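Asker: Fold the following and give me the result.
(one chain, ligands or ions: 2)
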Amino acid sequence: MIVMTELYDIFNTIIDEFSLKGTLASIYPLSSGNINDTYIMTTDDDGFERQYIVQRINHLVFKNPNEVAENVCKVTDHIEHKLRESGADDIRRRVVKYYLRKNGEHYYVTPDGNYWRAFSCVYDATSADFADIPILRETGLAFGEFQKNLLDFPADTLYETIPDFHNTKKRYDDLKKAAAENKSNRLDTVREEYDYLLSMEKEACVLCEMSEKGELPHRVVHNDTKCNNVMFDTETGKHLAVIDLDTVMSGLVAYDFGDAVRFAANPGGEDNKVLSKVYLDLDYYSAFAEGFVSEVKGEMTEKELETLPDGVLAVTLELAARFLTDYLNGDVYFKCKVPHHNLIRTKAQIQLAKDVFGKMPELRKRLADILDEKS
Ligand code: GN1
Ligand code: MG
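Answerer: Numbering: from 1, shown residues only. Ligands and ions are numbered 1, 2, ... in the order given. Model prediction:
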């Protein structure tokens, strides 16, 4: 826990180190992230109000913060180049800028070893923790466009900043290890959830199997495609920029597709205790799929497009396994905002996975119809 006076000192240093404009006016914490600490910093630049995004990156999760920064800069530079090439206007609101320190470094590291960085703020824009049909469509367009802009970027030049991030098999192995170790002595209380997840291991690992056999290409993927990682124009609701690029790596597009649907097409939200509110809304799903497919169709292999719905099930089961693993390990990875948060999250994701599993034929049918329409 950082006290406010310390925070003011750090932010003043950041303004100086990153040559940001103005003097510190206010600091506003954003609470939606589960890993990093994020703030909106406002400065007073001779009467003109400026805003910046300032973040403390969790270096226990991102063990090599410089590699994360290099990935983010390479990808944002590439997107900026693509936007310029296509004659897009308002480029400063379409892609975030990662500020460098005066000495060229990516972070200001405090004496106690915390890594701080600064990004431009997307002005007159908002993100969404909960979605409706127009937001789903715009989120689909945003991540589809992200994918399209990076098609010619060599994915294998990105660092693997969190190894095996979407290696679902490895995530299952971690879960089994956590259960065997039972560090927090909670296993007996989560038998039902644990057994369910194990019973779905084969379904969860379908895409990994295909990837191992070389049946699916590896591309640049965002790896955290929640609708609160898209900035929408406050007035028009149109998508502007994709943010939170820390997990950008090489991987399977179906996981990006699946994670966006997992998060935004569940009206109950990721950690709703009232399980009857947790389900996959098929019209939300269609809205996202339409937006996404309209950007990537023609750019991806048939098999890749066909397997997009499998990503929804895989990523939901995988995240349930990750939450349960963390619960068994004693809540060491995800920030817990209420008691037993990881268990609440696990139950909600399992509820969603069960619903998605039952709806798989409909997910496939709707996607096939969308693909037909767009051909
Ligand atoms: C974490 O902190 P946030 O919201 O950006 C996590 C994602 C999970 C997500 C679940 C690096 O992302 O993988 O899907 O929580 N990020 C990391 O809400 O583990
Ligand atoms: Mg994230």
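
Asker: so where's the stretch 201-350 of the chain uncertain?
Answerer: For the stretch 201-350 of the chain, no stretch has pLDDT under 70.

Asker: Show me which residues of it sit near ligand 1.
Answerer: 224, 244, 247, 270, 319 (CB under 6 Å from any ligand atom). Heads up, the C-betas are built off the backbone N, CA and C, glycines and all.

Asker: As JSON lines, these with neighbour count would be great.
Answerer: Converted to JSON lines, those look like this (neighbours: other CB atoms under 10 Å):
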{"residue": "Asp224", "neighbour count": "22"}
{"residue": "Asp244", "neighbour count": "25"}
{"residue": "Thr247", "neighbour count": "22"}
{"residue": "Glu270", "neighbour count": "19"}
{"residue": "Leu319", "neighbour count": "23"}
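
Asker: just checking, which of the residues you listed belong to helices?
Answerer: Judged by DSSP state H, the subset of those located in helices is Leu319.

Asker: The residues of the stretch 201-350 of the chain next to ligand 1: which ones sit near ligand 2?
Answerer: Among those, proximity to ligand 2 is found for 224, 244 (CB under 5 Å from the ion).

Asker: Contacts for stretch 344-353 next, please.
Answerer: The contact list for stretch 344-353, computed with CB atoms under 8 Å, 6 or more residues apart in numbering, reads 190, 193, 196-197, 200, 262, 266, 268-273, 275, 278-280, 313, 316-317, 319-320, 323-324, 327, 334, 338.

Asker: Now restrict these to buried residues only.
Answerer: Buried by 16 or more other CB atoms under 10 Å: 190, 193, 196-197, 200, 262, 266, 268, 270-272, 275, 278-280, 313, 316-317, 319-320, 323-324, 327, 334, out of the contacts of stretch 344-353.

Asker: what's the burial count for Ala353?
Answerer: Neighbours of Ala353 under the rule other CB atoms under 10 Å: 28.

Asker: Show me what counts as buried in the helix or strand containing it.
Answerer: Using DSSP states H and E, Ala353 sits within helix 341-373. Neighbour-count burial for helix 341-373, counted by 16+ other CB under 10 Å, picks out 341-356, 359, 363, 366-367, 370-371.

Asker: can you count the residues close to Thr5?
Answerer: 8.

Asker: Show the average pLDDT along the strand or helix carrying it.
Answerer: Per DSSP H and E: Thr5 is located in helix 4-17. Taken as a whole, helix 4-17 has a mean pLDDT of 94.

Asker: name the helices or strands packed onto it?
Answerer: strand 23-30, strand 37-45, strand 108-109, strand 115-120 (3 or more CB pairs under 8 Å, 6 or more residues apart in numbering; DSSP states H and E).

Asker: For stretch 353-366, C-alpha coordinates in CSV please.
Answerer: C-alpha atoms of stretch 353-366 as CSV (Å, rounded to 0.1, in the frame of the first residue of the first chain):
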residue,chain,number,x,y,z
ALA,A,353,-18.4,-22.6,-19.3
LYS,A,354,-21.3,-24.9,-18.8
ASP,A,355,-23.6,-22.5,-20.6
VAL,A,356,-21.2,-22.0,-23.5
PHE,A,357,-20.7,-25.8,-23.8
GLY,A,358,-24.4,-26.3,-24.2
LYS,A,359,-24.6,-23.5,-26.8
MET,A,360,-21.6,-24.6,-28.9
PRO,A,361,-23.7,-25.9,-31.8
GLU,A,362,-25.5,-22.5,-31.9
LEU,A,363,-22.2,-20.6,-31.7
ARG,A,364,-20.8,-22.5,-34.6
LYS,A,365,-24.0,-22.0,-36.6
ARG,A,366,-24.1,-18.3,-36.0
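
Asker: so how far is that stretch off the chain centroid?
Answerer: 22 Å (CA atoms, centre = their mean, to the nearest Å).

Asker: hmm, that stretch in reach of ligand 1?
Answerer: No. Using CB under 6 Å from any ligand atom, stretch 353-366 stays clear of ligand 1, coming no nearer than 14.0 Å.

Asker: any idea of the mean pLDDT for that stretch?
Answerer: For stretch 353-366, the mean pLDDT works out to 98.

Asker: Excluding chain neighbours, what is closest to Thr157?
Answerer: Leaving aside its sequence neighbours, Thr157 sits nearest to Lys74 (CB to CB, 6 or more residues apart in numbering; 7.3 Å).

Asker: which regions of the stretch 1-150 of the chain lie under the pLDDT threshold?
Answerer: Looking at the stretch 1-150 of the chain by pLDDT under 70, you get 1-2.

Asker: Contact residues of it facing ligand 1?
Answerer: Counting by CB under 6 Å from any ligand atom, the residues of the stretch 1-150 of the chain that sit close to ligand 1 are 33-35, 61.

Asker: My read is that Thr316 contacts Gly258, right?
Answerer: Yes. At 7.3 Å, Thr316 counts as touching Gly258 under the criterion of CB atoms under 8 Å.

Asker: How about the backbone phi and psi for Thr307?
Answerer: phi -90, psi 10 (degrees, to the nearest 10).

Asker: Contacts only, for the residue lying closest to it once chain neighbours are set aside.
Answerer: Closest residue to Thr307 in three dimensions, ignoring its sequence neighbours and counting by CB to CB, 6+ apart: Ala254, at 5.2 Å. For Ala254, the contact set (CB under 8 Å, 6+ apart) comprises 207, 216, 304, 307-308, 310-311, 314.

Asker: related to what we said a few turns ago, ok, and which of the buried residues of helix 341-373 reach ligand 2?
Answerer: Okay, of the buried residues of helix 341-373, nothing touches ligand 2 (CB under 5 Å from the ion).

Asker: Give me the neighbour count for Pro154.
Answerer: Close neighbours of Pro154, defined as other CB under 10 Å, add up to 11.

Asker: Before I go, just wanted to say thanks for your time.
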